[in-house]
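K.L.:
Return atomic coordinates for the entry below.
(2 chains)
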Amino acid sequence: MTINTGESEGLQPAKAVFYNDPKVRAIFWQIVAVGGVIAVFWFLIHNTMVNLERQNIASGFSFLDLEAGFAIGEGLVPYSAANSYWRAILVGLLNTIKVAVIGIVFATIIGTVVGVMRLSPNWLIARLATVYIETLRNVPLLLQLFFWYAMIVEVLPRAKEAYGPFLGVYLSNRGFNMPLPDTWGYLGLLGGFLVALIAVIWLYRRNKKIHDETGEIKNTLGPSMLIFAVGMMIGWLAGGAPTSLDSPEFKGFSFKGGGEVTSEFLALWLGLTLYTASFIAEIVRSGILAVSKGQWEAAGSLGLKRGQILRFIVLPQALRVIIPPTTSQYLNLTKNSSLAVAIGYPDIVGVTNTTINQSGQAIEGIAIIMSVYLTLSLSISLFMNWYNTKIALVER
Amino acid sequence: MANAQEAAAPNLGPAVELRHLHKWYGEFHVLKDINLTVRHGERVVVCGPSGSGKSTMIRCINRLEEHQRGHLFVDGLELTNDLKQIEAIRKEVGMVFQHFNLFPHMTVLENLILGPTWVRKVPRGEAIETAMMYLERVKIPEQAQKYPGQLSGGQQQRVAIARSLCMKPKIMLFDEPTSALDPEMIKEVLDVMVELAEEGMTMVCVTHEMGFARTVGDTMVFMDEGEIVEMEAPEEFFSNPKNERTKLFLSQILSH
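P.N.:
Numbers count the residues shown, from 1 in each chain, chains lettered A, B, ... in the order given. Below is the predicted model:
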């Protein structure tokens, strides 16, 4: 059969009047919309330029090379008040990334555990999880940050009378001060850990192979722990068995030496983690509930244990539901970290705010903050979307 | 055909025994004093109006539902709260569901070998061999690498039957296996079940397929309002039902 275009036989459908044709209308409205957007932006930018010129404010990013002149409480890279603004902003950016990354890791762990707990048949465990979730997610995050900061600052003693040392760690209202390794010999410990990790992966593969070949199910958890312990022990000995530590000591007005976790970081990290975990817990719970009861029953009637049913049947199907909303929570946590400014943690917003106050470059400063969050958020989204497609279920 | 299933059973007592079984959903008394004995190799067909408790009863047999009073023995073991005991019994009891409940994220073959490799601890190669053998028997070996979503309802149900058989169960439970199927697919599933019955499998089957019941059933059980109203051999049950409720039910179901 050939397809007849209808042209030769006069079968063309009758044409509508052009202004009633949906295609023509669509093009018209698109032109109007684009024109409108351009007009609004031109108006905003032009006005701003004219106003800045009138007030004699220089625009551009050249101020970033000037000396910052303010101190920052903590940072991952060396910084002093004599450094430039861009160095200060870099310190703020790294602080933001630090609290976001550590927050995301812990929020995921706590959220998953609490979400599973809320589904537990054990009355007490389920209720505890419910109370946790309902309290934490129904109180504004800013209040929670104030709460944790107040708890640390008010409840713990001054640095001079710090609690401890517990295994070398001092607790005070300035945060935690802990000993750090001070010789390269400790790298042996790290090396041992990495070797053990490879050994554990090998063990896991070997056990899977044994299971495939003989059906025997070998315990992986116990031997893995043993391998880690022995591996790190040998690495430590190979590094010359170092025992010396750079311990914090109270001198004058503050602790000298060792590592410090500030009370600002602790409060922000606790607040962000616990708050976001309560949302992730609900996502995990809904993901597990989204797997139909029939799947549990079918797997159960094959004689599989509860843990096996979760591992083989329920979690693979639940993850598909869990990952997209969890990505949103990661983004929220990252953006919520800007509330750091309320408790004095020097994140990108705090540092850039100071920069704006000193230099007067508000537009540039805000542009920097916005592009930083945009970049961070898009990176997280891209990574999570990649992960999502990787574990997406093939069903047909 | 050789009765391999029965020969392998060390227990010479009944395959399934329900003694004065009671169950409540809250206030609602679903099962009222159920007494039923299924011999090894016996085929029991359970029928009755919807809501009569027939599904609940067979779901009790592998503990998908918990009974609250009475005793339930499967292959000589009593079903209690003991998890080990429940797992041991579920290994020996296969179950086929109305809605198939295949695992959608696994291929047909993976569906079939999951139980054998992780519960029976059979080597993977051997599990695959057995799985292919059962897929041949349900006549869809060519679908092994497909996902359940790619199969028709009848094919999915046959995979579900094969999945249960791969565990080499002593007893098979069927919970309305053909009610969710289009009419033209019912036969292909019933054919598989008839074949299974001919091989001597012990079966408890909730179904409204009266033709099937007549061909393979040893015992007909009629339930209504949570009670076993009548229990007879099929010839007697269909030609000469004693109870008024049975007569009414049969007249409704056989009228067309």
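K.L.:
State the phi and psi torsions of residue 170.
P.N.:
Assuming you mean chain A. Backbone torsions of A:Tyr170, given as degrees, to the nearest 10, read phi -100, psi 140.
K.L.:
not what I meant, chain B
P.N.:
phi -90, psi -30.
K.L.:
Helices of the stretch 251-396 of chain A, start to end?
P.N.:
For the stretch 251-396 of chain A, applying DSSP state H, counting those that start in this stretch gives helices covering A:263-289, A:293-301, A:306-308, A:315-336, A:348-359, A:362-391.
K.L.:
A:Tyr149 is in what secondary structure piece?
P.N.:
Using DSSP states H and E, A:Tyr149 falls within helix A:141-150.
K.L.:
Mind listing residues that contact that helix?
P.N.:
Under the criterion C-beta atoms under 8 Å, 6 or more residues apart in numbering or on different chains, residues A:136, A:263-264, A:266-268, A:270-272, A:274-275, A:336, A:339, A:342-343 lie in contact with helix A:141-150. In short, each C-beta sits where N, CA and C put it, glycine included.
K.L.:
sorry, back to before: any idea which of the helices of the stretch 251-396 of chain A gets closest to chain B?
P.N.:
Closest to chain B of these, according to C-beta to the nearest C-beta: helix A:293-301, at 3.6 Å.
K.L.:
Can you tell me the SS state at the residue most central in space within chain B?
P.N.:
Nearest to the geometric centre of chain B sits B:Leu173, at 1.5 Å (C-alpha atoms, centre = their mean). Under DSSP: H, G, I helix; E, B strand; the rest coil, B:Leu173 falls in the strand class.
K.L.:
pLDDT value on it, please?
P.N.:
pLDDT, B:Leu173: 96.
K.L.:
so A:Phe166 bridges to which residues?
P.N.:
Bridge pairing for A:Phe166 (DSSP bridges) gives the partners A:Val169.
K.L.:
Tell me how many other residues surround it.
P.N.:
10 (other C-beta atoms under 10 Å in any protein chain shown).
K.L.:
hmm, back to that, what separates the helix holding A:Tyr149 from the chain centre, distance-wise?
P.N.:
Relative to its chain's centre, helix A:141-150 lies at 19 Å (C-alpha atoms, centre = their mean, to the nearest Å).
K.L.:
Check stretch B:100-108 too.
P.N.:
19 Å.
K.L.:
Please enumerate the strands of the stretch 1-150 of chain B.
P.N.:
With strands called from DSSP state E, counting those that start in this stretch, the stretch 1-150 of chain B shows them at B:16-25, B:28-38, B:43-47, B:69-74, B:77-78, B:93-96.
K.L.:
which one of those strands lies closest to chain A?
P.N.:
strand B:93-96 (4.0 Å).
K.L.:
Roughly how far does the closest residue to A:Asp21 other than its chain neighbours sit from chain B?
P.N.:
Computed as C-beta to C-beta, 6 or more residues apart in numbering or on different chains, the closest residue to A:Asp21 that is not its neighbour in sequence is A:Lys15, at 7.9 Å. Computed as C-beta to the nearest C-beta, to the nearest Å, the A:Lys15 to chain B distance reads 44 Å.
K.L.:
What is the three-state secondary structure of A:Lys15?
P.N.:
coil.
K.L.:
what's the burial count for it?
P.N.:
7.
K.L.:
same check, this time on A:Trp386
P.N.:
9.
K.L.:
Looking at the strands of the stretch 1-150 of chain B, which is nearest to B:Glu195?
P.N.:
Closest to B:Glu195 of the strands of the stretch 1-150 of chain B, according to C-beta to C-beta: strand B:43-47, at 12.5 Å.
K.L.:
Now do A:Leu171, the pLDDT please.
P.N.:
So A:Leu171 comes in at 85 (pLDDT).
K.L.:
Not counting whatever helix or strand it lives in itself, show me its contacts.
P.N.:
Assessed by DSSP H and E, A:Leu171 sits inside strand A:169-172. By C-beta under 8 Å, 6+ apart, the residues outside strand A:169-172 that reach it are A:156-159, A:161-164, A:176-179, A:248, A:250, A:255.
K.L.:
Please name the nearest non-neighbouring residue to the residue nearest the centre of chain A.
P.N.:
Nearest to the mean C-alpha position of chain A, by C-alpha atoms, centre = their mean, lies A:Ile104 at 3.2 Å. Using C-beta to C-beta, 6+ apart and skipping residues adjacent in sequence, the residue nearest A:Ile104 is A:Tyr330, 5.3 Å away.
K.L.:
low pLDDT regions in the stretch 1-150 of chain B?
P.N.:
B:1-12 (pLDDT under 70).
K.L.:
can you list the residues of it near chain A?
P.N.:
Residues of the stretch 1-150 of chain B lying close to chain A (C-beta under 8 Å from any C-beta of the partner chain) are B:62, B:64, B:87, B:90-91, B:93-95, B:97, B:99, B:101-105, B:114-115, B:117-127, B:147-150.
K.L.:
which other helices and strands contact the helix or strand A:Ile38 falls within?
P.N.:
Here A:Ile38 sits within helix A:22-54, counting by DSSP H and E. For helix A:22-54, the contact count by 3 or more C-beta pairs under 8 Å, 6 or more residues apart in numbering or on different chains; DSSP states H and E identifies no helix or strand as a packing neighbour.
K.L.:
quick check: angle from it to helix A:362-391?
P.N.:
Orientation check (axes from the mean of the first three to the mean of the last three C-alpha atoms, to 10 degrees): helix A:22-54 against helix A:362-391 gives 140 degrees.
K.L.:
Pop out the phi and psi values for A:Asn56.
P.N.:
In terms of degrees, to the nearest 10, the main-chain angles of A:Asn56 are phi 60, psi 40.
K.L.:
To clarify, my last question referred to A:Gly73.
P.N.:
Backbone torsions of A:Gly73, given as degrees, to the nearest 10, read phi -60, psi -40.
K.L.:
In contact with the nearest residue to A:Trp184 once chain neighbours are set aside, which residues?
P.N.:
Distances taken as C-beta to C-beta, 6+ apart put A:Gly239 closest to A:Trp184, at 7.7 Å, once the chain neighbours are dropped. When contacts are counted by C-beta under 8 Å, 6+ apart, A:Gly239 touches A:Trp184, A:Gly185, A:Tyr186, A:Leu187, A:Gly188, A:Leu189, A:Gly191.
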